[in-house]
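Participant: Model the following, please.
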Amino acid sequence: MVAEEKKEEKKSPWTSTAELGFIRTTGNTETQTSALKVDVVYEVDKWRHTGHVEGYGSESENDVGVNVVSAERYELSGKSDYKFNEHDYMFGLVKLQKDRFSGFEYEDIISLGYGRKAIKQENMELDLEIGPGVRFFKIDDGVSDDEALLVLAANYWWAISDTSKFTQDLSTEIGENITSTKSVTGIQANINSTLALKFTYTIRNKTKVPVDTEKTDTEVAMTLVYNF
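Facilitator: Here you go, the predicted model:
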């Protein structure tokens, strides 16, 4: 009986979440925006493997009343961590990105480095990472190029209460010519054990961009989160 109870209590190595958001406005302005994110984590012994898929799109009505795509972005990434102990680990990361209106046809990153769990408490954690990498990119109607990177990241979460959580993810990729920074601030409120509402504010910045392209993009989103 005791052995059966322990078996039931054994934690699954898999953790998965899916986020879906959709906003449509009608009347004086016709717009529709959709966002999808899926995260899968497999953690066993000294290894933790993470997969991430993200898609975002927006359509708006132009001056002649025709709906045109005004934003379209995709991201696919895979990351593996090897834990030396409770606080220290090595990581390897591959990230593929395509943002149709960023001025770049594509932007892919490969990096590896050292991570440190600077805070590990029951209700909060903070991971800090640093390491070298390479960025492969192509400017729209341009030639392919690459550059060496220094990759920095900080990932923080705080369980404010039993039903709410604050998250802050910050990453910076310092290149020879281009430095990219991304900040995602989030608040999540649980509806039940599997569903939650999540509000996020995202800032993306590049120090150097093609002509007629903004260096900074911001995004406010509300999504429904499903944990499975």
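Participant: count of neighbours near E107?
Facilitator: Using other CB atoms under 10 Å, the number of residues around E107 comes to 21. To be clear about C-beta, it is placed using only N, CA and C from the backbone, and glycine gets the same treatment.
Participant: Let the chain start at 46 from now.
Facilitator: Right, with 46 as the first residue, what we last looked at is E152.
Participant: any residues touching the secondary structure element (helix or strand) that it belongs to, and which ones?
Facilitator: Element membership for E152, per DSSP states H and E: strand 149-165. The contact list for strand 149-165, computed with CB atoms under 8 Å, 6 or more residues apart in numbering, reads 126, 131-144, 170-185, 187, 194, 196, 201, 218, 225, 255.
Participant: List only buried entries from those residues.
Facilitator: Listed as buried from the contacts of strand 149-165 are 126, 134, 136, 138, 140, 142-144, 171-174, 176, 178, 180, 182, 184, 194, 196, 201, 218, 225; burial here means 16 or more other CB atoms under 10 Å.
Participant: Mind listing what's buried along stretch 218-229?
Facilitator: For stretch 218-229, the neighbour count (16+ other CB under 10 Å) marks 218, 220, 223, 225-229 as buried.
Participant: could you redo those residues as JSON lines and give each row pLDDT, distance to K55 and secondary structure?
Facilitator: Written out in JSON lines, the entries for these read as follows (pLDDT from 0 to 100; distance: CB to CB, whole Å; DSSP: H, G, I helix; E, B strand; the rest coil):
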{"residue": "E218", "pLDDT": "97", "distance to K55": "38", "secondary structure": "strand"}
{"residue": "G220", "pLDDT": "95", "distance to K55": "44", "secondary structure": "strand"}
{"residue": "I223", "pLDDT": "92", "distance to K55": "46", "secondary structure": "coil"}
{"residue": "S225", "pLDDT": "96", "distance to K55": "41", "secondary structure": "strand"}
{"residue": "T226", "pLDDT": "97", "distance to K55": "40", "secondary structure": "strand"}
{"residue": "K227", "pLDDT": "96", "distance to K55": "36", "secondary structure": "strand"}
{"residue": "S228", "pLDDT": "97", "distance to K55": "37", "secondary structure": "strand"}
{"residue": "V229", "pLDDT": "96", "distance to K55": "32", "secondary structure": "strand"}
